[in-house]
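# Give me coordinates for this.
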Amino acid sequence: MTRPRLLVLRALGLGDLLAGVPALRALRRGLPEHELVLAAPAELAPVAVATGAVDRLLPASAPGRAVPRGLDWDGPPPDVAVDLHGNGPPSHRLLQTLRPRRLFAFAHPETPEIDGPPWWAEEHERDRWCRLLEFYGIPADPTDLLLPRPAGLSPSPGAVVLHPGAGSPSRCWPVDRYAAVATALRGRGHRVVVTGGAGEDDLVARLAKRARLPDTDVFGGGLPFDRLSALVAGARAVVSGDTGIAHLAVALAVPTVTFFGPVPPRHWGPPAHPRHQVLWHPGPQGDPHGRRTDPALLRIRPERVLEALDPLLRSS
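Residues are numbered from 1 along each chain as shown. As a prediction, the model looks like this:
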């Protein structure tokens with residue numbers, strides 16, 4: 001007998017997928033007889049497997065945070081489709097073209113036929129998607145976000161990982177300040193490694209040069225997920241802006257120091273826990289896709305980062 005199919009749309013990045021883990025697991029528990037198909041970028045397939053909730057990944061992506069133009073769905077319509085991508089209407093309409101028997105999505109005035117809950121802008125990302133599922137009768141726990149530790153060994157066990165990149169320049173703390181942190185940590189006897197995503201080789205190289213790091217401690221070009229997760233799992237701490245590696249460290253229960261600038265931590269920050277230190281100066285919300293470093297980030301000094309790191313490095 002063919003299993004009913006559940007299609008979940010979240011065609012976004014690594015951090016977005018990790019923030020959606022509690023909702024994916026709630027769907028797995030709430031609809032255990034369904035095949036759960038996740039529409040997401042192909043490179044996130046290992047992450048989907050690590051959640052323990054996804055049966056199959058359907059490759060889907062678009063530039064930036066846009067909605068894909070189409071989905072390569074085959075066979076009969078999904079029994080259930082879930083919009084974990086946005087508040088519509090483009091993502092709603094993309095799923096509606098597949099004629100699902102049931103569609104879980106937030107209400108939007110341009111898709112009045114969808115009787116979903118209201119969208120609240122001032123809501124944490126993990127809470128938002130769990131609330132959506134609760135509306136449709138599926139219990140969800142926003143704290144259910146941890147991933148199993150990877151089997152692979154870290155290429156740099158015990159290092160402090162610095163990740164200077166982010167999805168946009170407005171969310172990138174200055175390279176010279178990362179270099180100051182790296183230099184101070186190395187002066188205290190800590191090993192420091194630098195990572196970067198695809199297209200961030202120049203950024204990583206500038207930081208490595210300023211901090212005088214050996215080539216063995218520089219990981220640019222976007223590590224494959226198995227190596228990146230092993231590196232993060234074996235780290236003493238991860239220092240970064242609000243980007244995918246910060247969410248990965250949280251999911252692996254690794255200490256973090258995370259910078260927030262244009263977007264406040266109440267929207268995307270880690271759960272409250274002593275191992276997660278959030279650096280943030282309250283003020284007007286900036287442009288998360290801006291082309292210059294957000295002013296709030298510029299108020300964070302290297303001394304404050306080292307102060308936040310001290311108790312984490314002692315306890316780890």
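# For the residue lying closest to F104 once chain neighbours are set aside, grab the count of nearby residues.
Excluding the flanking residues, the one nearest F104 by C-beta to C-beta, 6 or more residues apart in numbering is V82, at 4.5 Å. From N, CA and C alone the C-beta is placed, and that goes for glycine too. By the criterion of other C-beta atoms under 10 Å, V82 has 29 neighbours.
# show me where pLDDT drops low in this protein?
Applying pLDDT under 70 to the chain flags the ranges 1.
# where along it do the helices fall?
14-19, 21-30, 45-51, 90-96, 125-135, 175-187, 201-211, 225-233, 244-251, 265-268, 295-298, 302-315 (DSSP state H).
# Dump these to JSON lines, plus distance to Q285 and mean neighbour count.
Formatted as JSON lines, the helices of the chain follow (distance: least, C-beta to C-beta, whole Å; neighbours: other C-beta atoms under 10 Å):
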{"stretch": "helix 14-19", "distance to Q285": "18", "mean neighbour count": "24"}
{"stretch": "helix 21-30", "distance to Q285": "24", "mean neighbour count": "22"}
{"stretch": "helix 45-51", "distance to Q285": "28", "mean neighbour count": "19"}
{"stretch": "helix 90-96", "distance to Q285": "23", "mean neighbour count": "21"}
{"stretch": "helix 125-135", "distance to Q285": "15", "mean neighbour count": "20"}
{"stretch": "helix 175-187", "distance to Q285": "22", "mean neighbour count": "19"}
{"stretch": "helix 201-211", "distance to Q285": "25", "mean neighbour count": "18"}
{"stretch": "helix 225-233", "distance to Q285": "28", "mean neighbour count": "21"}
{"stretch": "helix 244-251", "distance to Q285": "19", "mean neighbour count": "26"}
{"stretch": "helix 265-268", "distance to Q285": "9", "mean neighbour count": "17"}
{"stretch": "helix 295-298", "distance to Q285": "9", "mean neighbour count": "18"}
{"stretch": "helix 302-315", "distance to Q285": "21", "mean neighbour count": "16"}
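# Distance to T111 added to those helices, as TSV?
Putting those into TSV (distance: least, C-beta to C-beta, whole Å) gives the following:
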stretch	distance to T111
helix 14-19	22
helix 21-30	20
helix 45-51	27
helix 90-96	5
helix 125-135	14
helix 175-187	44
helix 201-211	40
helix 225-233	34
helix 244-251	29
helix 265-268	24
helix 295-298	35
helix 302-315	44
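# Now for the residue lying closest to P59 once chain neighbours are set aside: which residues touch it?
Take P59 and drop its neighbours on the chain: the residue closest to it by C-beta to C-beta, 6+ apart is A42, 4.0 Å away. Listed by C-beta atoms under 8 Å, 6 or more residues apart in numbering, the contact partners of A42 are L57, P59, S61.
# who touches the nearest residue to the last one once chain neighbours are set aside in this structure?
By that I understand S61. Using C-beta to C-beta, 6+ apart and skipping residues adjacent in sequence, the residue nearest S61 is P41, 4.2 Å away. P41 is in contact with A11, L12, G13, P59, A60, S61, counting by C-beta under 8 Å, 6+ apart.
# Next one: P41 from D16, what distance?
10 Å (C-beta to C-beta, to the nearest Å).
# now do A246
12 Å.
# do R101 as well
As defined by C-beta to C-beta, R101 lies at a distance of 26 Å from D16.
# Name all residues that make contact with H281.
By C-beta under 8 Å, 6+ apart, the neighbours of H281 are A296, R299, I300.
# just the residues you listed now: which is nearest V254?
Closest approach to V254 among these (C-beta to C-beta): I300, at 20.6 Å.
# What values do phi and psi take at the closest one?
phi -90, psi 120 (degrees, to the nearest 10).
# If we ignore the residues flanking it in sequence, what's nearest it?
That would be L279: by C-beta to C-beta, 6+ apart, it lies 5.1 Å from I300.
# Just list whatever residues bridge to that neighbour.
F259 (DSSP bridges).
# what's around it, how many residues?
Neighbour count for L279, taken as other C-beta under 10 Å: 22.
# roughly how far apart are it and S170?
16 Å.
# again, but for P59
Taking C-beta to C-beta, one finds P59 at 29 Å from S170.
# Compare those two and say which one has the larger neighbour count.
S170 (22 against 15).
# The more buried one is in contact with G290, isn't it?
Yes - under the criterion of C-beta atoms under 8 Å, S170 makes contact with G290 at 3.4 Å.
# Overlap in contacts, the two.
Contacts common to S170 and G290, judged by C-beta under 8 Å, 6+ apart, are P262.
# give the contact list for the residue nearest to E134 when sequence neighbours are not counted.
In space, E134 comes closest to A140 once its chain neighbours are excluded; the distance is 5.8 Å by C-beta to C-beta, 6+ apart. Counting by C-beta under 8 Å, 6+ apart, A140 makes contact with P22, A23, R25, A26, W129, C130, R131, L133, E134.
# mind running it again at 10 Å?
22-27, 29-30, 126-127, 129-134 (C-beta atoms under 10 Å, 6 or more residues apart in numbering).
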